[in-house]
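Visitor: sharing a sequence plus its predicted fold:
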Amino acid sequence: MPRRNRRDDAGQPLDQDLARRGVQAVQAWSDGEWLVRAIPGKASVKTYRCPGCQQEVAPGVAHVVAWPADGRGDATDRRHWHSGCWRSRDRRRPTSRYW
């Protein structure tokens, strides 16, 4: 009979809130540095307006949240982007009057 490799998960329990918020990173773009967090589809529960294409980011759709890294803003400066729109923002500038 084959041996099973068992992991000992008794150490640290998974922080569900942290897992829902995604991983935060700093990205440098032509307009400065941005804090960017990937939001998995399971954690996306509201509808947002993407500043890149002006279309809705529907609940259940994986996307990114970005805000200025230099502290020039607060939580209200966070914007929810489609992942593709965020990756192409050097070619296609935000069209939103809110950005």
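Guide: It's in. Numbers count the residues shown, from 1 in each chain.

Visitor: how long is stretch 48-58 from one end to the other?
Guide: Start and end residues of stretch 48-58 are separated by 7 Å (Cα to Cα, to the nearest Å).

Visitor: name the residues of it that are buried.
Guide: In terms of neighbour count (16 or more other Cβ atoms under 10 Å), stretch 48-58 has its buried residues at Y48, C50, P51, G52, C53, V57. Quick note: C-beta positions are derived from backbone N, CA and C, even for glycine.

Visitor: mind exporting the longest strand along the chain as PDB, just the C-alpha atoms?
Guide: When the chain is parsed with DSSP state E, its longest strand is strand 32-39. Taking C-alpha atoms only, strand 32-39 is exported to PDB below (Å, rounded to 0.1, in the frame of the first residue of the first chain):
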ATOM      1  CA  GLY A  32       4.000  56.800 -10.300                       C
ATOM      2  CA  GLU A  33       3.900  53.900  -8.000                       C
ATOM      3  CA  TRP A  34       0.700  52.100  -7.100                       C
ATOM      4  CA  LEU A  35      -0.400  49.600  -4.500                       C
ATOM      5  CA  VAL A  36      -2.200  46.800  -6.300                       C
ATOM      6  CA  ARG A  37      -4.100  44.000  -4.800                       C
ATOM      7  CA  ALA A  38      -5.500  41.000  -6.800                       C
ATOM      8  CA  ILE A  39      -9.100  40.200  -5.800                       C
END
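
Visitor: any buried residues in stretch 28-43, and which?
Guide: W34, L35, V36, R37, A38, I39, A43.

Visitor: what sits closest to the first one if chain neighbours are left out?
Guide: Computed as Cβ to Cβ, 6 or more residues apart in numbering, the closest residue to W34 that is not its neighbour in sequence is A66, at 4.8 Å.
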